[in-house]
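Predicted model and sequence below, questions to follow.
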Amino acid sequence: MSLATTPITTSPEPLISLKRAAALGYGGYSTLRRDIKAGLLPAVKIGNRLMVRSSDLEVRAVPERPAPFEDAVKHIVATAPPLTDEQVQRLFALLGGAA
């Protein structure tokens, strides 16, 4: 487990418990522990509790970009089952075409 060796009194930044970090949406508790063990997330141990700096959590927070409209349409078309001739005619009529 990779833990910071700097004394906690020299850190002006507030520390957050893993439980609080998980509640804030920075990942699941077990995921945070795994990342600390793997050396991907710096942590300090206070008593028997692991604490992380909020700035280290912020670095991990990457907003997920929603797929553009065209990509979403392509995905739906690619995964949709084929329509029967009758279904095509009904859709055509419903959408303003002549059957």
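That came through, no problem.

From here on, just use CA atoms for contacts and neighbour counts.
Fine.

Name the residues that touch the longest strand belonging to the chain?
In the chain, assigned by DSSP state E, the strand with the most residues is strand 49-53. Outside of strand 49-53, the residues within contact range by C-alpha atoms under 8 Å, 6 or more residues apart in numbering are Glu13, Pro14, Leu15, Ile16, Ser17, Leu18, Leu41, Pro42, Ala43, Val44, Lys45.

Now do the buried residues in it.
Leu50, Met51, Val52, Arg53 (16 or more other C-alpha atoms under 10 Å).

Could you export the residues you listed as JSON lines, including pLDDT?
Listed next are the buried residues of strand 49-53 as JSON lines, based on pLDDT from 0 to 100:
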{"residue": "Leu50", "pLDDT": "94"}
{"residue": "Met51", "pLDDT": "96"}
{"residue": "Val52", "pLDDT": "96"}
{"residue": "Arg53", "pLDDT": "94"}
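
so Gly27 makes contact with Ala21?
Yes. Counting by C-alpha atoms under 8 Å, Gly27 touches Ala21, with 7.3 Å between them.

which one of the two has more residues nearby?
The residue with more neighbours, out of Gly27 and Ala21, is Ala21; 20 against 17, by other C-alpha atoms under 10 Å.

any idea how far Leu57 is from that one?
8 Å (C-alpha to C-alpha, to the nearest Å).

And for Glu86?
54 Å.

more neighbours, those two?
Taking neighbours as other C-alpha under 10 Å, Glu86 and Leu57 compare with Leu57 leading, 17 against 10.

element containing Ile16?
strand 15-17 (DSSP states H and E).

ok, and for that strand, which residues are buried?
Those would be Leu15, Ile16, Ser17, for strand 15-17 by 16+ other C-alpha under 10 Å.

Quick check: pLDDT value at the second one.
If I follow you right, that is Ile16. Listed pLDDT for Ile16 reads 95.
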